[in-house]
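Asker: Okay, sequence plus prediction incoming.
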Amino acid sequence: QGKIIKTLNSRFHKKMGIMPSMSATSINTYMVCPLQYKYKYIYKIKGSSDKIYIHIGKLIHKILEEFHRNGYNDFESLLNLLKKEWGGYRFKYKQEETQHREDAEEMLKNYWNYLQLNPANSALVEHPFSFNLGSLTLEGKCDRIDIDTDKNITIIDYKTSKKKESEIQVKRNIQLGIYALFLELEGIEWNGKKNKGIPEKISVLFLRDESPEVSVRLKQIDLDNLIKKINSISDNIKTG
């Protein structure tokens, strides 16, 4: 066992010669437990992913991506996509499957009702990004990015968790801060032009809630503090 640990640590320090790409998920993992980060992202030891809440979350994201990417504009299309994508998870009990199916329909209904009051503007969906922050590469994917005729950019993030967060919690969310950094430093292509800047608004949609939106506006000082935090984590990882 001692030899195995010594070998893993040797590999770890070799890998740390070049800083790996990081995401909001890996950064949050490190903040919760540095050892857990090492096992998962350096040693590549996989944990269990057979969780129903993970499956439902991915399912809803996929449905909303297809809905916008294909230009659908009616609630029936959302239900049809749910019918098409449902499955791929083995439930222990029929009642359990029925309950989760009803929950998924309710989340789609809440999203549809939200869209009626807040239509999507030139939406980019599941938009991947990768950009450098000093010696560190940050990568991820935005659920939805809207840009209006005045070039105001809004980030929309979907959440299928049961607990709705406050504005303070949303403002402290590292994932959303990284999205804002991406738009400020890299920007997006729109109508053949590059559009950069801190987003006008960041909206998190807690889809289990009838009033799903919690929105915040980040300032430059918020992003500066986030950069300091990320760089600090990066330095700690490099030192093993």
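Answerer: Yes, it's here. Numbering: from 1, shown residues only.
Asker: Count the residues that sit near L35.
Answerer: When neighbours are defined as other C-beta atoms under 10 Å, L35 has 9 of them. To be clear about C-beta, it is placed using only N, CA and C from the backbone, and glycine gets the same treatment.
Asker: so it, which of the three states?
Answerer: helix (DSSP: H, G, I helix; E, B strand; the rest coil).
Asker: Quick check: it vs I237, distance?
Answerer: For L35, the distance to I237 equals 12 Å [C-beta to C-beta, to the nearest Å].
Asker: Likewise for L176?
Answerer: For L176, the distance to I237 equals 22 Å [C-beta to C-beta].
Asker: what about the longest strand in the chain?
Answerer: In the chain, with assignment by DSSP state E, the single longest strand is strand 136-147.
Asker: mind listing what's buried in that one?
Answerer: Of the residues in strand 136-147, 136, 138, 140, 142-147 count as buried by neighbour count, 16 or more other C-beta atoms under 10 Å.
Asker: Endpoint to endpoint, stretch 159-178 covers what distance?
Answerer: One end of stretch 159-178 to the other measures 17 Å (C-alpha to C-alpha, to the nearest Å).
Asker: Touching that stretch from outside, list them.
Answerer: 23-25, 27-28, 31, 53, 56-57, 60, 107, 138, 140, 155, 157, 202, 204-209, 212, 214-216, 218, 222-223, 226, 229-230 (C-beta atoms under 8 Å, 6 or more residues apart in numbering).
Asker: Drop anything exposed from those.
Answerer: Here, 16+ other C-beta under 10 Å leaves 23-24, 27, 56-57, 60, 107, 138, 140, 155, 157, 202, 204-209, 212, 214, 216, 218, 222-223, 226, 230 buried among the contacts of stretch 159-178.
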